[in-house]
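Participant: I would like the atomic coordinates for the input below:
(one chain, ligands or ions: 1)
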Amino acid sequence: MAGPLWDKFYPHTQEVRAVSDPASRARQAAALHRQAAAVADAATAVLDGDGVAMPDPLEQHRLVEELRIAAAALAPGWLGAPLEAQSLNTPLGGVYPPQFVRLGAAQPLDDAQFPALVPLLGTGHLTIDATATDARVFGLLRSLLVRLLAAAPAGSLLVRAVDGVGGGEVFAPFAALRDAGLMSPPATDRQGLRDVLAEAEKWLRPGRGVAPRRSRRDRMMLVVVASLPELTEGEELRRIAALAQQGPDSGLHLIVAGWPPPPLTAETTQAPLPRTTMVSVRNPYAVIGDPPGATYGSIPSVSWLNAPVFLDEDPPAHLVEAVCRELAAHSAAASRVTLSDLLPEPGDQLWAGDAAEGLSTVVGHDGETPLVLRFNDLTPHWMVGGRSGAGKTAFLVNVLYGLGARYSPAELSLYLLDFKEGVTFAEFVPTRRDRTWLPHARAVGVEADREYGLAVLRELDAEMTRRSAALEEAGVSRFAELRLGRILCVIDEFPVLLAGADPVATEAAALLDSLTRRGRSCGIHLILASQSVQVHGPRDFFGQFPVRIALPGGGDVLEPANDSAAGLPLGTAVVNTAGGLGGPRGATRGHERVVRFPDPHADEELLSDLRHKLWGARDPEAQPPRVFAGYASQHLADDPTYRAALAGRALRPAALVGRALDVNLSTAAFPFDASPGRHLAVFGTQAAGSEVLDAAARSVAACHQPRTTRFVIASLVAEGDRLAEALAAEIGHRQEVVRVDAAGLAAELDPSRPGYRVVFGMDATPHNGLPGLRGLLRDGPGQGAHLLSWWRDPRRLAEEADEIAGLLFLNVPAAEVAAMVGRPLEWQPRPNRALLHDRHADRTVTLVPFLEPDGDES
Ligand SMILES: Nc1ncnc2c1ncn2[C@@H]1O[C@H](COP(=O)(O)OP(=O)(O)OP(=O)(O)O)[C@@H](O)[C@H]1O
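Facilitator: Prediction:
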């Protein structure tokens, strides 16, 4: 700062005297302390007019006028205007930093006043020799805070408050700034003071000449001490002095009321703070010492503002409230991180990342600093926890787009699995409304079944084995040298996979164990996410997850003693890279950060643009991901095996009954050949049973060349009539079809007559039964005769059961299935699922059965 205005206030600059010799510091401090007191006494004597000739009043008035004009220019608006008259309409913000601020009115004559200004932010500090228990100091601190907060650009001034004696009352009207993170709750004891000092020390830049840490916008920290806590010791006092010495270069400033503290012992005797303007509260006015590096007076012997200063009083409450409310609102808007903050710069080339050594992306911001997390040898797998609605989906979607924008599909493949009802990964697959997909996605399971999850893990395990072999074959020890691209598998609500002591859980746990242990050296990484990671059964693989991310309510991914996730708000997460380990309270934890992350769907347009951009950049030959949507029904007409059969490419006759719960959704088929027992029985009370039978019959018909086989179709129950009729019409285009009733069916059971008997409602067979049935079942297949039947009640089959190899169960309880098969099978009846058991091949698959398309779907 230079120029005529400055010269008016500070015509003579001085050397700043540093107190640096530790050996004689206490003595020196005491001497300086006395000296400062003597200066204030001398000033008081002068200002009280003791033995000094009164200057010329006219000259005084002229000077006061000049100073008023100068002050208005140096401290405009909020910084210098009397607050009791300040309009609420005066806009907040202004230049950065607001350098001069008013302390009160200097009154050289009874009828002449000018604003008493000090340089503070950007220059140094302020001490007042009385604490805020003095009403004048109390008022001064509040008015200083309002002025500085209102004048600094919103969000650029962070206040840390300490009030050891007054319990923080002086800061109470500013409470609205706490939620916005602009002001801390006041520290009221020694530990609180230490925490504030520790934070302030961190604020200092690590070294001189280092580029500013805060890259986005400049910010300053102002530590306001209204009174030091009792029992504040020499150590804390020295830390305050050290902060005063180093702070201004890093944007750290202090206002300390009650400094110097009363010199109780030599140890606690403090010199004036370096780089500080000292205010001495007298009665009724205050004396303002010279600011750091400058002087108010023109006479070298006078080192204070040569006029009594009446300190500003407590500002009007509504004014403080209005300023705080506006700042808090602004801060809420400004501190929002957006998805673009996590993505590469818009000008950067798409897919510039090289995954050889690992993958990395920005997961959020720690203050102004982007936090980069990696998938590499040190942090191969991540675990994410958070209660429902805590933003897990948001976090994962951010990570997937972050990686998807940085690495090409050749460098990164994604396997996405979601076990809960919801839409976590739905946006990465083609839909009717948006046919694009995330080109990295290889397989996506939405509302997936455990069996499907298991199939994905098996596929990854097989890939891992392939990669291990490739490493060995190539004779290299590091995956990076193989250049295969990395695989990331994300599993949302993974405990579903491990729930229950069944074979699925056991195999899934074993696969997770092997994948997490060996995956890192093969470029295979996992993110496991859940509302609660309390899994029963083996969880040894947790040890392979050094990265733990706790969203609100997700503290159980951290060690039990680590409570750093307590009270997290939505949009924030604790990111711990030491397996969730905590550390001493209040200690700096290098392995733990709290980040803010955006809601990726806050800007749908940006997101949609990004997805289209990524999709547009894909290899045009690339296939969309294999998608499994647990809720979706499956239809024969969409099935690739059926289409191939219609086109004359069937390998052998088979009933196609649904899609298996594997990664490729392979077609579940029951083949018909000449071996014994090649008959299919569908069991289920639901109409779905008749629909599966319909699909089975159509598909068998398609497997035969036209006019090469014969169908006998019967419906013994009303529920089957409509489908039986439609089926007869449909198959009739290709094959010979005969429709019969119960009596007609009895006449069509001759095993030597090749072809298929298709019976809807087989359990409704008349009481005298179908005498020829056993013969057909036993001798038919060898002569090309097979039975396809739907049974509403499986118990009716008891007698002939052994002769039928193909059993398909819909809503049949596990106990009945077990009774029929002769041993328990892994099965939970549930909507839209079926179990196909082949007695002869001893194979069992869970599948999504082929149903009739609904009206609106077709
Ligand atoms: N960073 C954020 N900032 C603000 N709102 C967010 C943020 N992240 C998510 N939300 C909002 O919070 C809600 C819940 O988010 P999300 O669906 O990601 O949670 P979740 O943990 O996946 O929940 P659930 O487990 O129930 O599916 C959504 O409405 C979302 O828009």
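Participant: so which bits of the protein are right by the ligand?
Facilitator: Neighbours of the ligand within the chain, by CB under 6 Å from any ligand atom: 386, 388-394, 422, 531, 570-571, 597-599, 601. C-betas here are computed from N, CA, C, even on glycine.
Participant: now the buried members of the residues you listed.
Facilitator: Buried members of these, counted by 16 or more other CB atoms under 10 Å: 386, 390, 391, 392, 393, 394, 531, 571, 597, 598, 599.
Participant: leaving out sequence neighbours, find the closest residue to the first one.
Facilitator: What that stands for is residue 386. Sequence neighbours aside, residue 551 is the residue nearest to residue 386 in space, at 2.8 Å (criterion: CB to CB, 6 or more residues apart in numbering).
Participant: from residue 842, how far off is that neighbour?
Facilitator: 46 Å (CB to CB, to the nearest Å).
Participant: of those two, who's got more company?
Facilitator: It is residue 551, of residue 551 and residue 842, that has more neighbours when counted by other CB atoms under 10 Å, with 27 against 9.
Participant: show me what contacts the more buried one?
Facilitator: 384, 385, 386, 387, 390, 391, 392, 395, 565, 568, 572, 573 (CB atoms under 8 Å, 6 or more residues apart in numbering).
Participant: number of nearby residues for residue 799?
Facilitator: Count around residue 799 with other CB under 10 Å applied: 10.
Participant: after the strand or helix carrying residue 27 comes which helix or strand?
Facilitator: Per DSSP states H and E, residue 27 falls inside helix 25-47. Note on helix 25-47: by DSSP H and E, the next helix or strand toward the C-terminus is helix 57-74.
Participant: coming back round to it: pick out the lowest-pLDDT one from the residues of the chain next to the ligand.
Facilitator: Lowest pLDDT within those is found at residue 422 (71).
Participant: now residue 737. Its backbone dihedrals?
Facilitator: Torsion angles at residue 737 (phi, psi; degrees, to the nearest 10) stand at phi -130, psi 140.
Participant: for it, give its distance to residue 711.
Facilitator: Counting by CB to CB, the gap from residue 737 to residue 711 is 5 Å.
Participant: find residues that contact each of these two.
Facilitator: Joint contacts of residue 737 and residue 711 (CB under 8 Å, 6+ apart) are 728, 731.
Participant: the two - which one has more neighbours?
Facilitator: A count of neighbours by other CB under 10 Å puts residue 711 above the other of residue 737 and residue 711, at 23 against 20.
Participant: sec struct for the nearest residue to residue 564 once chain neighbours are set aside, please.
Facilitator: Distances taken as CB to CB, 6+ apart place residue 574 nearest to residue 564, at 5.1 Å, with adjacent residues excluded. Put simply, residue 574 is strand when judged by DSSP: H, G, I helix; E, B strand; the rest coil.
Participant: what count of nearby residues applies to residue 574?
Facilitator: 26.
Participant: for it, which residues are in contact?
Facilitator: 548, 549, 550, 558, 564, 565, 568, 592, 593, 594.
Participant: inside strands: which ones of those residues?
Facilitator: 548, 549, 550, 592, 593, 594 (DSSP state E).
Participant: so what's residue 667 up against?
Facilitator: 639, 640, 641, 642, 656, 658, 659, 660.
Participant: for residue 784, same thing?
Facilitator: Residue 784 sits next to 674, 709, 754, 755 when contact means CB under 8 Å, 6+ apart.
Participant: of the residues you listed, which belong to strands?
Facilitator: residue 755.
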